[in-house]
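> coords below, sequence missing:
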Ligand SMILES: [Zn+2]
């Protein structure tokens, strides 16, 4: 059901006769006859109990120290957003990939493991790019790695200048502790487990937030692409995400790069929203004057 409404007062509302529907402003980019893409907004109402948020790879550290700093900078705003969404009945899934052992035995991890199996329309796999649906890759999208002016320790350039991770130890151990994990949340990095959690709750609306926009957020088995192919109404929370790429030729600023990835998503993958949907407050912005 699509309803249009005035954009003043986009807080949570109870539409007459309905329980706790909340307005969501979806943004996508649509191609016109001249081949130009323009942003198009569409207002819809979602039910909290049919909605989940997946927090992707908000780890406590990173091989790229500037990437780790940006996660720490964004995490408080993400926590506020999750709190506001949770209070309204949205289901939260934390996905600090590869670090499930840290959470072994917790009720939130058990909840994911024990969700009854649900048959999915497709296999759960990584999807880094889809040439057929998305055209030629953005030049930097596959070159995800330390994008600092001087390479972080462990990232070593090859003869073409492209950096590769050669470090001894991946430094992340868990999700950053600024983000609270509530009793009613779940923890999983597994596409099938996450699908099971969604199906048993009748959830068909999924919000992805976290890092990195051009890599895991799009590509993981629970990421944007696979969620679209599984038939979910998936959106990216575009202010609570960050990219990771090496600034190639021509060099572009880090934040311009993230914007380009978000534009690609809006054109070719799925719509985006902002955290304002849940908080009623202005969207998060990085301090672009800080060293990134
Ligand atoms: Zn770096």
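Happy to help now that I have it. Keep in mind that this is a model prediction, so the values were computed, not measured. Numbers count the residues shown, from 1 in each chain.
> The stretch 51-200 of the chain: strands as residue ranges?
Using DSSP state E, counting those that start in this stretch, the strands of the stretch 51-200 of the chain run over 51-56, 91-95, 155-157, 163-165, 186-187.
> Just put those strands in CSV and tack on distance to the ion, mean neighbour count and mean pLDDT.
In this view, the C-beta of every residue, glycine as well, is placed from N, C-alpha and C. Rendered in CSV, the data for the strands of the stretch 51-200 of the chain read as follows (distance: least, CB to the ion, whole Å; neighbours: other CB atoms under 10 Å; pLDDT from 0 to 100):
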stretch, distance to the ion, mean neighbour count, mean pLDDT
strand 51-56, 19, 26, 98
strand 91-95, 23, 24, 98
strand 155-157, 6, 15, 92
strand 163-165, 9, 15, 92
strand 186-187, 27, 26, 98
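> Could you tell me which residues make contact with the residue nearest to the spatial centre of the chain?
Among the residues of the chain, residue 209 comes closest to the average C-alpha position under CA atoms, centre = their mean, at 2.8 Å. When the contact criterion is CB atoms under 8 Å, 6 or more residues apart in numbering, the partners of residue 209 are 53-56, 78, 81, 217, 236-237, 240-241, 275.
> Make JSON lines from the residues you listed and add distance to residue 173 to it.
Supplementary listing: the contacts of residue 209 in JSON lines, determined by distance: CB to CB, whole Å:
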{"residue": "53", "distance to residue 173": "23"}
{"residue": "54", "distance to residue 173": "20"}
{"residue": "55", "distance to residue 173": "16"}
{"residue": "56", "distance to residue 173": "17"}
{"residue": "78", "distance to residue 173": "19"}
{"residue": "81", "distance to residue 173": "24"}
{"residue": "217", "distance to residue 173": "21"}
{"residue": "236", "distance to residue 173": "26"}
{"residue": "237", "distance to residue 173": "25"}
{"residue": "240", "distance to residue 173": "22"}
{"residue": "241", "distance to residue 173": "22"}
{"residue": "275", "distance to residue 173": "26"}
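> Buried ones in the lengthiest helix in the chain, by neighbour count?
The residue-count maximum for a helix in the chain (DSSP state H) belongs to helix 65-87. Neighbour counts using 16 or more other CB atoms under 10 Å place 66-68, 70-71, 73-75, 77-79, 81-82, 84-86 of helix 65-87 among the buried residues.
> Report how many residues lie close to the residue in the stretch 151-292 of the chain positioned nearest to the ion.
With CB to the ion, the shortest gap between the stretch 151-292 of the chain and the ion falls at residue 152, namely 3.4 Å. Residue neighbour count, defined by other CB atoms under 10 Å, stands at 19 for residue 152.
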